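Engineer: Need the 3D shape of this:
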Amino acid sequence: MNRLEHKIPPPLVGLLCAVLMWGLSTQTPVIHWWGVTAQIVTGVLVVIGLFLDSGGLLSFIRSKTTVNPIKIEKASVLVTGGVYRFTRNPMYLGMAFLLSALGVWLQSPAAFIGPAIFVGYITRFQIIPEERILLMLFGQDYSDYQARVRRWL
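Structural biologist: Take a look at the predicted model:
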């Protein structure tokens with residue numbers, strides 16, 4: 001299973017989960033009782049997701065460190081400011097919010113397997129290996145950061 005670590009770019013994992021969600025929504029019952037509420041919830045989740053994704057990306061760009069999640073060993077700076085004060089993985093969390101928004105928009109309970117698969121896969125094959133590398137790169141600073149800030153929320 002280790003051969004899957006850092007092999008599939010997280011945006012591709014998110015896209016595959018979104019395709020799965022859409023497919024499930026076409027093959028399973030849909031709940032239409034949400035109406036306007038579903039539109040509002042979808043919009044709020046999209047805004048939160050985009051805020052987290054863009055906030056994380058901008059923090060990396062400002063710090064002049066790599067944004068490539070496949071080449072984490074090239075990280076030159078430990079980013080702990082901005083949205084990284086609240087979550088160690090704002091871009092992955094943002095993607096999870098966007099997938100959740102899609103689930104609400106599709107109004108299919110089965111579609112919510114997508115965000116769950118995304119979170120599980122990203123935690124196991126992306127985040128945990130990233131944490132090992134960041135601990136080697138930044139030592140006690142990263143360990144202290146882990147103690148202060150949660151992995152997801």
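
Engineer: so where's the protein uncertain?
Structural biologist: In the predicted model of the chain, residues 1 satisfy pLDDT under 70.

Engineer: Now with 80, please.
Structural biologist: 1-4, 32-34 (pLDDT under 80).

Engineer: Just give the closest residue to the residue sitting nearest the centre point of it, not the sequence neighbours.
Structural biologist: Nearest to the geometric centre of the chain sits Tyr92, at 1.5 Å (CA atoms, centre = their mean). Among residues not flanking Tyr92 along the chain, Ile122 sits closest, at 5.1 Å (CB to CB, 6 or more residues apart in numbering). Where you see a C-beta, it was placed from the backbone N, CA and C, and this is true even at glycine.

Engineer: which SS class is the residue nearest to the centre of the chain?
Structural biologist: Secondary structure, DSSP: H, G, I helix; E, B strand; the rest coil: Tyr92 is helix.

Engineer: and it, what does it touch?
Structural biologist: By CB atoms under 8 Å, 6 or more residues apart in numbering, the contact set of Tyr92 is Pro10, Val119, Ile122, Gln126, Ile127, Trp152.

Engineer: switch the cut-off to 10 Å
Structural biologist: Contacts for Tyr92 were tallied using CB atoms under 10 Å, 6 or more residues apart in numbering; they are 10, 13-14, 52-53, 56, 69, 118-119, 122-123, 126-127, 130, 151-152.

Engineer: that older thread, could you check how far the helix or strand encompassing the residue nearest to Tyr92 is from the centre of its chain?
Structural biologist: Using DSSP states H and E, Ile122 falls within helix 113-122. With CA atoms, centre = their mean, to the nearest Å as the basis, helix 113-122 stands 9 Å off its chain's centre.

Engineer: Go through it and flag the buried ones.
Structural biologist: Ile113, Gly114, Pro115, Ile117, Phe118, Val119, Tyr121, Ile122 (16 or more other CB atoms under 10 Å).
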